[in-house]
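Here's a sequence, model it:
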Amino acid sequence: METIEETATAATEATETRRFRVFRFKRGDRGPHLDEFDVPVTARTTLFDAMRWIQFNRDPSLALRHSCLHASCGTCGVRANGREVLMCVTAVHDLGREITVEPVANIPVLTDLVVDMTEFYARFPEAHPLVRESGFDLGAEAPEGVPTYQRYEDCIECGLCLSACPVVATTDRYVGPGALAWAQRILEEPRGEDVLSVRDWADDPDGAWRCHAAFECTEACPSNVNPAARIMQLRGALVGPRLTRREMPR
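Modelled structure (predicted):
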């Protein structure tokens, strides 16, 4: 995290100014609004740097979430000009001269850019842990024809997929891409989990079958989890047992 002195130094080295329109909401407000700030930036200024400059120099009441600052924790997710990004790795120069910064969508806002992530975790089935001990063998070699292992523990639970999903925007019942990608991972790598209960949970009208294959979740994902492709694979895994049951003699 930058200190106040470092932020001040960066401002003196600024090569230009960008205008930011920042979403604001505090408890007791009649409704949200946008505040405008002109922020000095350099070629290396990130969106997180710009928000911190506003905190230090214009409005210390601006609330935002952050932790690792290198795209590993997912806590600094927002929408910049309508697209889901992590502030810590998003360059201001890639966003244009006027930049609108809003909290992620489809998750309740607590204050300013801070959302209540309980909504994200509530979409996962309660009987199964979100965090599992990795069983990856560092000495393992990939099978012939497979260039590398693809690990789906890479989800950083940022909620950007939920924000980008057009189906989540229309119904609260849909569990969403993050939870369904998790379910596909369980089916492929159970590690003692109750696979049948996960399958039953996913095989629901508001589960894997609610997805409209817009692939916006994959576009938004900062960790290359590719949740849209995982949902398609999950559907394939669910259809197999259905066909088998239909073909069985009565």
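
Centre of the chain to the strand or helix carrying Arg199, how far?
Element membership for Arg199, per DSSP states H and E: helix 195-202. Mean-position distance between helix 195-202 and its chain equals 24 Å (Cα atoms, centre = their mean, to the nearest Å).

ditto for stretch 163-178
Taking Cα atoms, centre = their mean, one finds the center of stretch 163-178 at 12 Å from the center of the full chain.

Tell me who's in contact with the residue minimising distance to the centre of the chain.
Among the residues of the chain, the one closest to the centroid is Leu160, at 2.6 Å (Cα atoms, centre = their mean). Shown in contact with Leu160 (Cβ atoms under 8 Å, 6 or more residues apart in numbering): Gly74, Gly77, Glu84, Val85, Leu86, Val104, Ala220, Cys221, Pro222. Just so you know, the C-beta spots here come from the backbone N, C-alpha and C atoms, and that holds for glycine as well.

which SS state does the nearest residue to the first one once chain neighbours are set aside fall under?
Distance criterion Cβ to Cβ, 6 or more residues apart in numbering; nearest residue to Gly74, sequence neighbours excluded, is Cys158 at 2.9 Å. When classified by DSSP: H, G, I helix; E, B strand; the rest coil, Cys158 comes out as coil.

List the residues that contact Cys158.
Gly74, Thr75, Gly77, Leu86, Pro222, Ser223.

Tell me which of those residues fall in strands.
Judged by DSSP state E, the subset of the contacts of Cys158 located in strands is Gly77, Leu86.

and the helix holding Arg199, what does it pack onto?
Packing partners of helix 195-202 (3 or more Cβ pairs under 8 Å, 6 or more residues apart in numbering; DSSP states H and E): helix 177-188, helix 227-247.

That helix vs helix 177-188, what angle?
Angle, helix 195-202 to helix 177-188, by axes from the mean of the first three to the mean of the last three Cα atoms, to 10 degrees: 150 degrees.

Name the next helix or strand following helix 195-202 along the chain.
Going down the chain from helix 195-202, the next helix or strand is helix 216-220, by DSSP H and E.

Would you pull up how far that next one lies from the middle of the chain?
Offset of helix 216-220 from its chain centre (Cα atoms, centre = their mean): 9 Å.

who does that helix touch, helix- and strand-wise?
So helix 216-220, by 3+ Cβ pairs under 8 Å, 6+ apart, packs with helix 160-164, helix 227-247.

Comparing these, which stretch has the densest surroundings?
Of all those, helix 160-164 has the most neighbours on average by mean count of other Cβ atoms under 10 Å, namely a mean of 28.

Output it as CSV, restricted to C-alpha atoms.
What follows is helix 160-164, C-alpha atoms only, in CSV (Å, rounded to 0.1, in the frame of the first residue of the first chain):
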residue,chain,number,x,y,z
LEU,A,160,-16.8,-10.3,-10.8
CYS,A,161,-18.5,-13.2,-12.6
LEU,A,162,-21.7,-12.6,-10.6
SER,A,163,-21.6,-9.0,-11.5
ALA,A,164,-21.1,-9.6,-15.2
